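K.L.:
coordinates for the following, if possible.
(chains A and B, ligands or ions: 2)
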Amino acid sequence: MTDTQSASAASPASSGFDNDNVQAATIGDSAREYVARLRGGDMGSLPAILGLVFLFIVFASLNDKFLTTYNMANLVVQAGSICVMAMGIVFVLLLGEIDLSAGVAGGASATITALVLIDYDLNWALATLAGVAVGALIGLVIGSLVSYLGIPSFVVTLAFFLALQAVPLKLIGSGGSLRFNDPVLRGLSIKNVPVTAGWIAAIVIVAAFAALSLWQYRSLSSKGLVHQPLGLVVLRIVVLGVIVLGLVALLNANRSPNPNFLEIRGVPWVLPVVIGLLLFWTFVLTKTRFGRHLYAVGGNAEAARRAGINVQRIRIAAFVICSSMAALSGLLLASYVGKVSPGSGGGNVLLYAVGAAVIGGTSLFGGRGRAIDAVIGGAVIATIPNGLGLLNQASYINFLVTGGVLLLAASVDAISRRRRSSAGV
Amino acid sequence: MEPLLELRGVNKSFGVVHVLHDVDFAVYPGQVTALVGDNGAGKSTLVKIIAGIYGRDSGEYRFDGKQVEVHGPRDVAALGVEVVYQDLALCDNLDIVQNMFLGREETSTFGLDEVAMETRARETLSSLSVRTVKSVRQSVASLSGGQRQTVAIAKAVLWNSKVVLLDEPTAALGVAQTRQVLDLVRRLADRGLGVVLISHNMTDVFEVADRITALYLGRVAADVPVKDVNHSQVVELITAGRSGDLGISENPATATV
Ligand SMILES: Nc1ncnc2c1ncn2[C@@H]1O[C@H](COP(=O)(O)OP(=O)(O)OP(=O)(O)O)[C@@H](O)[C@H]1O
Ligand SMILES: [Mg+2]
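P.N.:
Ligands and ions are numbered 1, 2, ... in the order given. Have a look, this model is predicted:
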């Protein structure tokens, strides 16, 4: 790219900097760089994307209902709560910690929300706030125990995993359940965004992404700073555009099993919630000092401490975020099933979320991970029970497959970490 | 000449282990002060006290001729004192720019100001004539030992610092990279900074240092201009605590611990 060379030659910063590569010159170069990164063990979300494609091919060939728009919309709703909890899990994994209590924290929070709705007849926003506050409080206690007392998070959250199951059991009573039929909260799973609004939102998102990427490209390249080649920037915009617009087109089609009697169209409300949270946490992780400090603490806590970062506060904040997101996830789960019962948030809810984060590319060893990992991984994880459910498999198969996938993801993570340290990527 | 940074009568114990005894230490602007001593003599401990990581049990901390109170790494950084640690303390998962600005990131209305940070990082690296890194956006994990050392030093001088302390910066480096780092150390002093160099390598010390402070079992054995001593005298100061009329007069072996 000749224009870049002249731009960087004019910039004073580049003077003593002959060897510094401002960018990979062409798409071909960046493709080669990408392959080198993969070889070096920096896989990102690639295994998850390949896994998703694989699962889609397998399930679609085994059952012709799998690829119907009706099932795809169902999949989106099922993935919602997994993605949200996984986004929270990413924060503790970034620090090399774990939160085993996130699932039941979600159950406990949803219980509180449901009780507030039923007993006090508060509106949905306040009830949601109450649930999230419970989550935040749980995270605060866990974080403080980990950070000030130095108890391993594995042990603290295992204790909370056991203790928090008492909350719904006490408040609901064993065998009982609470209805969860607030029109707004329940509507997140069973109602859809109006078709036109869906299109407008999709176009706004793609346009905003394009504008931001191009603006960033221009400001970096004009100052002679490191930037991606224009071709790659455009390619990203095109890929995002195809995914977003394609998804909206799919969900905006009439997916009713009896199209003559009934019309079901539009993006389920869960999706905008997940996307909103994704954008928010991506901003926090990549564009704020807090986010940078999270990565730093996860990469080298001692270095972070010496750089004047309050490591204990960062650690507590990560647990607070994780449990608060778990609370939101618990609400989405309650919204999907329409009730809260003492077992809500137990079972494999947590495992799904951890699996989603790790499959998406977040490392169990700390320091690596993105909010989008949780969403991509969440899609993979949600596809497994969805597809197996259509195949009428015994439920033990589901446990086996999900456990296997989690183990596979963790192995990919561990192996790529080994390769990274030998390749130094 | 007035010292830029000065410690007077500093004592430090870890539990019952008395590591530093009435240590006086001075850093002068434009000079490289070599801090030498055997393993366990207390060099790193002294550096960490200067850095604000450890507190002192007693003694004065003076900066620019005035006594100052320091309570942590932030206070010390605010004075313009930067430390490059023996173990470097870089975050492998972050890139060069991110490491250089760690804890002091620049922000604009839209969050982190990557443009400003990358620009300043480049300026600093090129002002130090650092040409060995491929890209300022490569992750620190991919750098060689010498490059990591260079990044750590560049991080320290990014902040218009007045004093830079380097704890064994060349210990793990090969010949060529040692050369580069020593050149860099000399350039810092030539810019008027006060530089402290901890090293076990006497050739390096005699090459770049202006003064030598020798520690022996937590005591200052000597604080002399480099031109007044020779190689073997310094080795004696390090291993025995005295050399001719230089060094500690009483028998330190019975005085310590
Ligand atoms: N945190 C600590 N707790 C207890 N003792 C310590 C601590 N840090 C250092 N010491 C002791 O203080 C003494 C001085 O250690 P220090 O690390 O300052 O030596 P040094 O001169 O830097 O040695 P080296 O050349 O090996 O780096 C040693 O006896 C060491 O065991
Ligand atoms: Mg040391």
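K.L.:
CA only for contacts and neighbour counts going forward, please
P.N.:
Noted.
K.L.:
phi, psi of the one residue in the stretch 51-200 of chain B that gets nearest to ligand 1?
P.N.:
Nearest to ligand 1, among the residues of the stretch 51-200 of chain B, is residue B:200, at 7.2 Å (CA to the nearest ligand atom). Residue B:200 adopts backbone torsions of phi -100, psi -10, taken as degrees, to the nearest 10.
K.L.:
tell me how far it lies from chain A.
P.N.:
24 Å (CA to the nearest CA, to the nearest Å).
K.L.:
contact residues of chain B facing ligand 1?
P.N.:
Residues of chain B lying close to ligand 1 by CA under 6 Å from any ligand atom are B:14, B:19, B:38-45.
K.L.:
out of the residues you listed, grab the one that's most surrounded.
P.N.:
With neighbours taken as other CA atoms under 10 Å in any protein chain shown, the top of the residues of chain B next to ligand 1 is residue B:43, carrying 25 neighbours.
K.L.:
residue contacts, that residue?
P.N.:
Taking CA atoms under 8 Å, 6 or more residues apart in numbering or on different chains, we find residue B:43 in contact with B:35-37, B:198, B:215.
K.L.:
now render the residues you listed as CSV, adding neighbour count and secondary structure.
P.N.:
CSV is the format used below for those (neighbours: other CA atoms under 10 Å in any protein chain shown; DSSP: H, G, I helix; E, B strand; the rest coil):
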residue, neighbour count, secondary structure
B:35, 28, strand
B:36, 29, strand
B:37, 27, strand
B:198, 25, strand
B:215, 27, strand
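K.L.:
which of the residues you listed sit farthest apart?
P.N.:
Maximum pairwise distance among those (CA to CA): 10.9 Å, between B:198 and B:215.
K.L.:
identify the contacts common to these two.
P.N.:
Residues touching both residue B:198 and residue B:215 (CA under 8 Å, 6+ apart) are B:35-36, B:43.
K.L.:
and which of these is nearest to ligand 1?
P.N.:
Using CA to the nearest ligand atom, the shared contacts of residue B:198 and residue B:215 come closest to ligand 1 at residue B:43, 3.7 Å.
K.L.:
measure the closest one to residue B:85 for me?
P.N.:
Counting by CA to CA, to the nearest Å, the gap from residue B:43 to residue B:85 is 11 Å.
K.L.:
burial of the residue lying closest to residue B:102 once chain neighbours are set aside, as a residue count?
P.N.:
Sequence neighbours aside, residue A:307 is the residue nearest to residue B:102 in space, at 6.2 Å (criterion: CA to CA, 6 or more residues apart in numbering or on different chains). Applying other CA under 10 Å, we find 22 residues neighbouring residue A:307.
K.L.:
which residues does residue A:307 contact?
P.N.:
Here residue A:307 is in contact with B:73, B:102-103 (CA under 8 Å, 6+ apart).
K.L.:
Throw those into CSV and include pLDDT and secondary structure, thanks.
P.N.:
Shown next, in CSV, are the contacts of residue A:307 (pLDDT from 0 to 100; DSSP: H, G, I helix; E, B strand; the rest coil):
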residue, pLDDT, secondary structure
B:73, 83, helix
B:102, 92, coil
B:103, 89, coil
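K.L.:
and these, which is closest to residue B:121?
P.N.:
Nearest to residue B:121 among the contacts of residue A:307: residue B:102, at 11.9 Å, using CA to CA.
K.L.:
shouldn't that closest one be in contact with residue A:305?
P.N.:
No - applying CA atoms under 8 Å, one finds residue B:102 not in contact with residue A:305, separated by 10.2 Å.
K.L.:
so what's the residue nearest to residue B:102 scoring on pLDDT?
P.N.:
If you check residue A:307, the pLDDT there is 86.
K.L.:
check the gap between it and residue A:223 for me.
P.N.:
Taking CA to CA, one finds residue A:307 at 28 Å from residue A:223.
K.L.:
packing partners of the helix or strand hosting residue A:249?
P.N.:
Taking DSSP states H and E as the criterion, residue A:249 maps to helix A:230-252. Judged by 3 or more CA pairs under 8 Å, 6 or more residues apart in numbering or on different chains; DSSP states H and E, the packing partners of helix A:230-252 are helix A:69-94, helix A:195-222.
K.L.:
got the contact list for the residue most central in space within chain A?
P.N.:
Taking CA atoms, centre = their mean, the centroid of chain A lies closest to residue A:374, which sits 2.5 Å from it. The contact partners of residue A:374, taken as CA under 8 Å, 6+ apart, are A:83-84, A:86-87, A:90, A:353, A:356-358, A:360, A:362.
K.L.:
and the helix or strand where residue A:323 lies, anywhere near chain B?
P.N.:
Secondary structure from DSSP H and E places residue A:323 in helix A:311-337. No - using CA under 8 Å from any CA of the partner chain, helix A:311-337 never reaches chain B; the gap is at least 11.0 Å.
K.L.:
tell me how many other residues surround residue 71.
P.N.:
The chain I'm using is chain A. 16.
K.L.:
ah, I was thinking of chain B
P.N.:
Neighbour count for residue B:71, taken as other CA under 10 Å: 14.
K.L.:
cool, residue A:270 as well?
P.N.:
Residue A:270, neighbours per other CA under 10 Å, totals 26.
K.L.:
quick one: contacts for it?
P.N.:
A:76-77, A:80, A:188-189, A:332.
K.L.:
over to residue A:339?
P.N.:
A:177-181.
K.L.:
my read is residue A:117 is in a helix, agree?
P.N.:
Yes - residue state for residue A:117 (DSSP: H, G, I helix; E, B strand; the rest coil) corresponds to a helix.
K.L.:
separation between it and ligand 1?
P.N.:
From residue A:117 across to ligand 1, the span is 55 Å (CA to the nearest ligand atom, to the nearest Å).
K.L.:
what's the burial count for the residue nearest to residue B:186 when sequence neighbours are not counted?
P.N.:
Excluding its sequence neighbours, the residue lying closest to residue B:186 (CA to CA, 6+ apart) is residue B:208, at 6.1 Å. Counted with other CA under 10 Å, the neighbours of residue B:208 add up to 20.
K.L.:
residue B:208 touches residue B:182, doesn't it?
P.N.:
Yes - counting by CA under 8 Å, residue B:208 touches residue B:182, with 7.0 Å between them.
K.L.:
columns distance to ligand 1 on top of the contacts of residue A:270, output as a markdown table?
P.N.:
Below are those laid out as a markdown table (distance: CA to the nearest ligand atom, whole Å):
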| residue | distance to ligand 1 |
| --- | --- |
| A:76 | 53 |
| A:77 | 53 |
| A:80 | 48 |
| A:188 | 55 |
| A:189 | 56 |
| A:332 | 49 |
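K.L.:
adding neighbour count, write those out as JSON lines.
P.N.:
Conversion of these to JSON lines gives the following (neighbours: other CA atoms under 10 Å in any protein chain shown):
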{"residue": "A:76", "neighbour count": "21"}
{"residue": "A:77", "neighbour count": "24"}
{"residue": "A:80", "neighbour count": "29"}
{"residue": "A:188", "neighbour count": "23"}
{"residue": "A:189", "neighbour count": "25"}
{"residue": "A:332", "neighbour count": "28"}
